[in-house]
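S.K.: Build me a model:
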Amino acid sequence: MKSDNVMSSFVSLPVFRSDSHGAASVNDRVAVEEPLEIRVGGRNLAITMRTPGHDAELAAGFLFTEGLLKSADKIRSIVETGNQVSLELTTPDDSLLERQDRRFATTSACGVCGKSSIDSLYATGCTALPQGTFAIDADILRKLPAVLRTAQAVFDQTGGIHAAGLFDSQGKLELIREDVGRHNAVDKLIGALFLRQSTSRRLPALDRMLLVSGRASFELVQKAAMAGIPLLAAVGAPSSLAVETARRFGMTLAGFLRDDRFNVYCGPERIYTPPRQ
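M.R.: Numbers count the residues shown, from 1 in each chain. Model (predicted):
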C-alpha cells in the first residue's frame with residue numbers, strides 16, 4: 001500500500017494514447033503540482049510550486065538553505081493546513097521580517113531567483129567545506145543512480161518527478177525525497193535533516209553525499225553547500241555557475257552520472273578507485 005504522501009502526489013486523468021497499434025482512451029497518472037504558501041509569524045514569506053508531501057520539511061529546508069534560519073530550536077511550531085505551512089518562531093527575527101517585506105517568488109522549475117551571486121552565499125554564513133570528511137569508491141558511486149531510481153515511489157506512478165537522495169560512503173541510501181521541482185526535492189531532504197538535529201542524521205552532513213536525478217544547477221550546489229554536504233552528484237549536466245560555486249566552496253561536483261560513467265568537474269580527491277587485487 002502506498003503512503004499518504006505518495007497517494008497525494010499524483011492524480012489519475014483520462015488521456016488519448018496513440019502508438020503503432022492504434023489509439024485508445026485510457027487513464028494516466030500525473031504528478032501533482034500545486035502552490036505552497038510559506039508563512040512565518042502570520043505573514044507571507046514565499047510561495048513555491050511543489051508536489052504535496054513533506055511540506056513542513058520543504059518549508060524548513062527552504063528557510064535554512066536561504067540562510068533565514070540557523071537552528072531548528074528557533075522554531076516553536078510548524079502547522080500544515082492544505083497548501084499552507086505556518087511557522088511560529090521562539091523569538092522575532094528582524095532579517096526574516098525584512099525579507100517578508102519583499103517576499104520570495106519561486107517556481108517548480110528553478111529556485112529563488114534573488115540569490116544570483118556566489119558572494120551572496122558568504123553573506124548568509126556559508127563557508128568552504130573541510131577536506132577529509134567524506135570519500136567514496138568510484139565503483140560504488142556509479143551504482144547509485146540505480147539505487148535512487150528503485151526507491152522513487154512517485155516516479156513509479158507518474159514517470160515525471162525528480163528525486164534527491166542522501167547516501168553514505170558505502171552507497172547506502174539513507175533518505176530520499178521527490179518533487180516536480182529539483183530544488184524542492186533537495187529542500188525537503190535538507191529540511192528533514194534540519195528538523196532531526198537530535199538524531200544521527202543531522203546538519204552539517206559532512207560525511208554524506210547528495211545525488212539528484214536531474215541536472216546540477218547553481219541553486220542545488222548552493223543548498224548542498226549550506227547543508228555542509230561535500231559531494232553533489234547529478235544524473236544530468238551541471239551549469240557553469242554550479243561548477244564555479246562548487247569550486248569556491250571546496251565541494252566535489254560530479255555530473256552525467258549514468259550508464260556506468262561520470263564526469264568530475266571539481267574536487268576529484270573525494271572519489272577514489274581502489275587498487276585492483
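S.K.: Now stretch 225-245: average pLDDT?
M.R.: Averaged across stretch 225-245, pLDDT comes to 96.
S.K.: how long is stretch 47-64 end to end?
M.R.: In stretch 47-64, first residue to last residue: 16 Å (C-alpha to C-alpha, to the nearest Å).
S.K.: Against which helices or strands is the strand or helix carrying residue 185 packed?
M.R.: Element membership for residue 185 (DSSP states H and E) is helix 182-195. Using 3 or more C-beta pairs under 8 Å, 6 or more residues apart in numbering; DSSP states H and E as the contact test, the elements touching helix 182-195 are helix 55-65, strand 162-167, strand 173-179, strand 209-212, helix 218-226. (Glycine included, C-beta is placed from N, CA and C.)
S.K.: could you dump those to TSV with mean neighbour count and distance to residue 140?
M.R.: Shown next, in TSV, are the helices and strands packed on helix 182-195 (neighbours: other C-beta atoms under 10 Å; distance: least, C-beta to C-beta, whole Å):
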stretch	mean neighbour count	distance to residue 140
helix 55-65	26	26
strand 162-167	25	9
strand 173-179	21	12
strand 209-212	25	10
helix 218-226	26	19
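S.K.: follow-up on the earlier one: now the helix holding residue 185 and helix 218-226, what's the angle there?
M.R.: Helix 182-195 runs at 10 degrees relative to helix 218-226, counting by axes from the mean of the first three to the mean of the last three C-alpha atoms, to 10 degrees.
S.K.: quick one, phi psi at residue 150?
M.R.: Backbone torsions of residue 150, given as degrees, to the nearest 10, read phi -60, psi -30.
S.K.: That one: what's it in contact with?
M.R.: By C-beta atoms under 8 Å, 6 or more residues apart in numbering, the contact set of residue 150 is empty.
S.K.: And it, how far from residue 270?
M.R.: According to C-beta to C-beta, to the nearest Å, residue 150 stands 24 Å off from residue 270.
S.K.: before we move on, what about residue 51?
M.R.: 31 Å.
S.K.: ok, now residue 185?
M.R.: Taking C-beta to C-beta as the measure, residue 185 and residue 270 are separated by 22 Å.
S.K.: Between those two, which is the more surrounded one?
M.R.: Between residue 185 and residue 270, counting by other C-beta atoms under 10 Å, residue 185 is the more crowded of the two (28 against 21).
S.K.: returning to that earlier point: so what's the gap between the helix holding residue 185 and the chain middle?
M.R.: Offset of helix 182-195 from its chain centre (C-alpha atoms, centre = their mean, to the nearest Å): 5 Å.
S.K.: what comes up buried for it?
M.R.: Within helix 182-195, the residues that count as buried by 16 or more other C-beta atoms under 10 Å are 182-195.
S.K.: Let me have those in TSV, extended by pLDDT and distance to residue 129.
M.R.: Output for the buried residues of helix 182-195, formatted as TSV (pLDDT from 0 to 100; distance: C-beta to C-beta, whole Å):
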residue	pLDDT	distance to residue 129
182	91	21
183	94	20
184	95	23
185	96	21
186	97	16
187	97	19
188	97	22
189	97	17
190	97	15
191	97	20
192	96	20
193	96	15
194	96	17
195	94	22
